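Asker: Structure of the sequence below:
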Amino acid sequence: MPVPVNTEVHTMWMSGTLGCTAAQSACRTEWRSRLNRRAVRHIEASEPVAAQTPECMMGTSMNWMIVRNFISVEERARLLIKANKHMDSEELKANPCGPGRYFAKADDAPEVYVDALLEQLTRRCERCLRLGNVPSDCVLGRTLSLILPGGFVHPHTDAYQLGRPGHRPGLEHLRCNLVVRLANPSGRPVIEGHALPVEEGDLWVFFASKCMHETKPLQGSDARIVFGFGWSVPPDHRLMQPPTGWRE
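Answerer: Numbers count the residues shown, from 1 in each chain. Now for the predicted structure:
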């Protein structure tokens, strides 16, 4: 049975009438049981599936792309467990950019967040997107994002030209994200005003420094979970169809 949402706590969080520390504690307590139960059920329900040739969908602006079935059912289950563990251990911090958002920059504490699976998926992203020898983004790097119902990503482009530490003037931020749990269609990313038709297991790629992106307030009763990766690319970089054998 689903864990009921404490609507009073959630309403206080969203309205700002509950203090930040108390709100985080209440939300973590409430969602810890939900995440644990869902993760276990997901593992139990997972069965081996035949390998599929991913379908690739390119936006008309050529600024975004979707790669279907980027990760397997088993890999997605492992990432769900990983996200659950970090949330349970209070290793995901409240994102100051919006309510109900938790995140971690994996490369800020690789001993905590980076494991063999994350490294394997990083290399797969590089092969799929033809990013050999391209420098990784050092502003966000690899990230883990969890959004609770009611939370959302505010409309923005990544400020990549401001000269702050880690920024790379003259380059663009190419970002890709793995859909571990979509939770609800309302959690789909909105890029350049278009809600991308991603599903769980898909990868979406876009130029975060020049494409306005956001999400709408998350509906339903589940958390949205995404793992992200980033690279610093030249302004003339173009998205292309994945090469043959990128999975290997």
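Asker: contacts, neighbours, all on C-alpha from now
Answerer: Noted.
Asker: quick one: the strands in this structure?
Answerer: Secondary structure of the chain (DSSP state E): strands at 56-58, 64-67, 93-94, 101-105, 143-147, 172-181, 190-191, 194-195, 203-207, 213-214, 224-233.
Asker: Including mean pLDDT and mean neighbour count, could these go into JSON lines?
Answerer: Putting the strands of the chain into JSON lines (pLDDT from 0 to 100; neighbours: other Cα atoms under 10 Å) gives the following:
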{"stretch": "strand 56-58", "mean pLDDT": "91", "mean neighbour count": "16"}
{"stretch": "strand 64-67", "mean pLDDT": "96", "mean neighbour count": "23"}
{"stretch": "strand 93-94", "mean pLDDT": "92", "mean neighbour count": "18"}
{"stretch": "strand 101-105", "mean pLDDT": "95", "mean neighbour count": "22"}
{"stretch": "strand 143-147", "mean pLDDT": "96", "mean neighbour count": "22"}
{"stretch": "strand 172-181", "mean pLDDT": "95", "mean neighbour count": "24"}
{"stretch": "strand 190-191", "mean pLDDT": "95", "mean neighbour count": "20"}
{"stretch": "strand 194-195", "mean pLDDT": "92", "mean neighbour count": "14"}
{"stretch": "strand 203-207", "mean pLDDT": "96", "mean neighbour count": "24"}
{"stretch": "strand 213-214", "mean pLDDT": "92", "mean neighbour count": "22"}
{"stretch": "strand 224-233", "mean pLDDT": "95", "mean neighbour count": "23"}
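Asker: mind giving me TSV with those strands and columns for distance to Tyr160?
Answerer: Formatted as TSV, the strands of the chain follow (distance: least, Cα to Cα, whole Å):
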stretch	distance to Tyr160
strand 56-58	24
strand 64-67	18
strand 93-94	22
strand 101-105	17
strand 143-147	17
strand 172-181	7
strand 190-191	17
strand 194-195	22
strand 203-207	11
strand 213-214	14
strand 224-233	9
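Asker: Tell me which of the ones you listed lies nearest to Leu80.
Answerer: strand 172-181 (6.4 Å; Cα to Cα).
Asker: partner strands of that closest one, parallel or antiparallel?
Answerer: Sheet pairing here is set by DSSP bridges, and for strand 172-181 it gives strand 203-207 (antiparallel), strand 224-233 (antiparallel).
Asker: can you list contacts of it?
Answerer: If you take Cα atoms under 8 Å, 6 or more residues apart in numbering as the criterion, strand 172-181 is touched by 70, 76-77, 79-80, 137, 158, 160, 198-210, 223-235.
Asker: circling back to that earlier point, nearest to Ala183, out of the strands paired with strand 172-181?
Answerer: It's strand 224-233; of these, that one is closest to Ala183 (Cα to Cα) at 5.2 Å.
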